[in-house]
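**Q** please work out how this folds:
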Amino acid sequence: MMLMRLEPGAESAAGAHQGEKCAFLVQGAVVVTVGDVRYPMEQGDTISFNSGLPHFVANVGPDEAVIISAITPPSF
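**A** Residues are numbered from 1 along each chain as shown. Predicted coordinates:
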């Protein structure tokens, strides 16, 4: 499991890796981009997707975003 914190306007690095990923948005508002599809998320939302597709997260809200995610198989 991982904890990610993104300041307002920040984006994670884009990446792709074998497996599946799921995430829970603890705080804030983000857009998760998987391939060419954008998924807006608000506090309390969850998402799961094939992490073999290119993906990244952008904080689109005015506050810090906090995300807890898990990847299988572990790749870090």
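**Q** shaky segments in this structure?
**A** 75-76 (pLDDT under 70).
**Q** report the central residue of it.
**A** Val57 (4.6 Å; Cα atoms, centre = their mean).
**Q** quickly list what that residue is bridged to.
**A** Taking DSSP bridges as the rule, Val57 bridges to Val32.
**Q** just want the phi and psi numbers for Asp45.
**A** Phi and psi for Asp45, reported as degrees, to the nearest 10, are phi -80, psi 160.
**Q** beta partners for the closest residue to it other than its chain neighbours?
**A** Counting by Cβ to Cβ, 6 or more residues apart in numbering, Leu25 is the residue found nearest to Asp45 once chain neighbours are left out, at 5.1 Å. All C-beta atoms are positioned from the backbone trio N, CA, C, and that covers glycine. Counting by DSSP bridges, Leu25 forms beta bridges with Ile67.
**Q** Lys21 contacts Ile71, correct?
**A** Yes. Lys21 lies in contact with Ile71 (Cβ atoms under 8 Å); the separation is 5.0 Å.
**Q** which neighbours do the two have in common?
**A** Common contacts of Lys21 and Ile71 (Cβ atoms under 8 Å, 6 or more residues apart in numbering): Ser51.
**Q** ok, those two, which is more surrounded?
**A** Lys21 (22 against 17; other Cβ atoms under 10 Å).
**Q** in stretch 3-19, which residues are buried?
**A** Met4, Leu6, Ser12 (16 or more other Cβ atoms under 10 Å).
**Q** ok, now stretch 30-40?
**A** Val30, Val32, Thr33, Val34.
**Q** once you drop chain neighbours, what's closest to Asp63?
**A** That would be Gly28: by Cβ to Cβ, 6+ apart, it lies 5.4 Å from Asp63.
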